[in-house]
Every structure is written in C-alpha cells, then in structure tokens.
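> pasting a predicted model and its sequence here:
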Amino acid sequence: MTRIAIIVGSKGRGSNMRAIVEACQSGVLDAKIACVIAPSEDAPAVETALSLGAEVVIPADMDADLLGILQERDIDLVCLAGFMRLIPVDVVRHFERRMLNIHPALLPKFGGKGMWGMKVHEAVIAAGETESGCTVHYVSEKYDEGAILHQLRCPVKSDDMPESLASRVLELEHRGYVEAIRKWTLR
Ligand code: GRF
C-alpha cells in the first residue's frame, strides 16, 4: 500500500490535506497517510490533521530534517498541499516523480514564484481567460515547472470575482488531487 506524507504550509487551511486523508480513510485510495508534516505548530492545518487522527510531524529545521523524516517513515509519495516554499534539492532528487504539488490554475499558465493564493485567480480574470482549473504536477527544482500529471477544468464566468473563482477551483482541487494520486498509484 502506498505510504503518503503530506506537507502543508504555514497558512493553508489544510482542505486538500483533508480531502487526501479522507480518501485514504474511506478506501477511495489504496494508500495510507504515514504523516502530515507542517512548518509550525500554529499552522491551521495542524489541528485538522490531528482531528483526522493523522500523525503530525513538525521538523525543527525543515530544510535539514525533511529527507530524514521521509526516509525514516518509508514514504513512497510526498504530496505538497499548500506548502509555498521550494523543497530542498536533495529531497526533490530523492523523490523524483514521487512528489506532487497542486496549483490552482491551468499550468503552465499562471504559475511561478509569487503566483499563489488569490493572486493566481486575479491574474486569470485580468487576462480574460474563459477557463481555469487545477493542476497536479511533479515537483521539480523550480516553482510550478515539473511535468503535469493531472488537470481538471472549470469555466471562468463573466461576473467572477477572484473569490468566487477560487472557491470553484478549490472544489475541483479536492477531487483532482485524489484522482491524481490514484493515477500515480496505477502508473
Ligand atoms: C490550494 O489552493 C493549492 O492549490 C495551493 O495552496 C492552496 C492550499 O489550500 N497550492 P488548502 O490548505 O489545501 O486548503
């Protein structure tokens, strides 16, 4: 059974993490959440992870400790869910094609450094796009540039505000991340 570690961000709600954990717990995915890794105790996602019964690990030094934490737990697949920083190169290389991230737009458009949260949806609307969605991609040494594993699309409506588009995309993300993991396990 695939052993997954999820890395959440310091500000994220943890809603993608919740979707993945619930899919494992309900048997939708043939995978087990070995741990949720958070940059700090006060990350909002930590409480959610604990309430779902997941083991939470908070590294003393994320960059230095991450590879050891993943290796000790025999992790097969790492899923970034709201983690906004670059992953150390040694970890990216060790987990080549075994580390995924989700981005709230249709990459390769609207990605890269600084493109996160509402800024992504503002840019999509400003560009006059009629379609957006989410992308699950492999993690590489640069922001949002790894090979694409899975995408789901939704319309951008003419009266959309960044917030309304964000919530439509977020619903897709929860489904899209689980589908991407299933695709990965069947690859
Ligand atoms: C999501 O929009 C995801 O695409 C991006 O960060 C956000 C995390 O949200 N990478 P949540 O913490 O999973 O609710």
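Noted; the coordinates are in hand.
> quick one: the helices in this structure?
Here the chain has its helices, by DSSP state H, at 15-25, 44-51, 62-72, 89-94, 118-126, 162-185.
> quick one: closest of the ones you listed to residue 133.
Checking those against residue 133 by C-beta to C-beta gives helix 162-185 as the closest, at 6.0 Å. Where you see a C-beta, it was placed from the backbone N, CA and C, and this is true even at glycine.
> and the pLDDT for residue 42?
Residue 42 is assigned a predicted lDDT (pLDDT) of 92.
> which non-adjacent residue is nearest it?
Using C-beta to C-beta, 6 or more residues apart in numbering and skipping the chain neighbours, the partner closest in space to residue 42 is residue 10 (7.9 Å).
> ok, that neighbour - contacts?
Residue 10 makes contacts with 38-40, 42-43, 84, as judged by C-beta atoms under 8 Å, 6 or more residues apart in numbering.
> cool, and residue 19?
Neighbouring residues of residue 19 by C-beta under 8 Å, 6+ apart: 173-175, 177-178.
> show me what contacts the closest residue to residue 73 other than its chain neighbours?
Spatially, and ignoring its direct neighbours in sequence, residue 73 is nearest to residue 34 (4.6 Å; C-beta to C-beta, 6+ apart). Applying C-beta under 8 Å, 6+ apart, we find residue 34 in contact with 3-5, 55, 73-75.
> residue 56 pairs with what?
Here residue 56 sits in beta bridges with residue 36, going by DSSP bridges.
> quick one, what contacts residue 86?
Listed by C-beta under 8 Å, 6+ apart, the contact partners of residue 86 are 141-143.
> same thing with residue 148?
Residue 148 is in contact with 107, 135-137, counting by C-beta under 8 Å, 6+ apart.
> inside strands: which ones of those?
Among the contacts of residue 148, the members falling in strands (DSSP state E) are 135-137.
> is it possible to export these to a markdown table including neighbour count, distance to the ligand and pLDDT?
A markdown table is the format used below for these (neighbours: other C-beta atoms under 10 Å; distance: C-beta to the nearest ligand atom, whole Å; pLDDT from 0 to 100):
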| residue | neighbour count | distance to the ligand | pLDDT |
| --- | --- | --- | --- |
| 135 | 24 | 9 | 98 |
| 136 | 27 | 9 | 98 |
| 137 | 23 | 11 | 97 |
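> hmm, stretch 1-13 in reach of the ligand?
Yes - residues of stretch 1-13 are located near the ligand by C-beta under 6 Å from any ligand atom, namely 12-13.
> CA atoms of stretch 112-126 as CSV?
Output of stretch 112-126 as CSV, limited to C-alpha atoms (Å, rounded to 0.1, in the frame of the first residue of the first chain):
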residue,chain,number,x,y,z
GLY,A,112,5.9,30.5,-10.9
LYS,A,113,7.3,32.4,-7.9
GLY,A,114,4.8,34.7,-6.2
MET,A,115,1.8,33.1,-8.0
TRP,A,116,-0.1,31.8,-5.1
GLY,A,117,-3.5,32.3,-3.4
MET,A,118,-5.8,35.0,-4.7
LYS,A,119,-3.0,36.4,-6.9
VAL,A,120,-3.5,33.4,-9.2
HIS,A,121,-7.2,34.0,-9.6
GLU,A,122,-6.8,37.8,-10.0
ALA,A,123,-4.3,37.1,-12.9
VAL,A,124,-6.6,34.6,-14.6
ILE,A,125,-9.5,37.1,-14.5
ALA,A,126,-7.3,40.0,-15.6
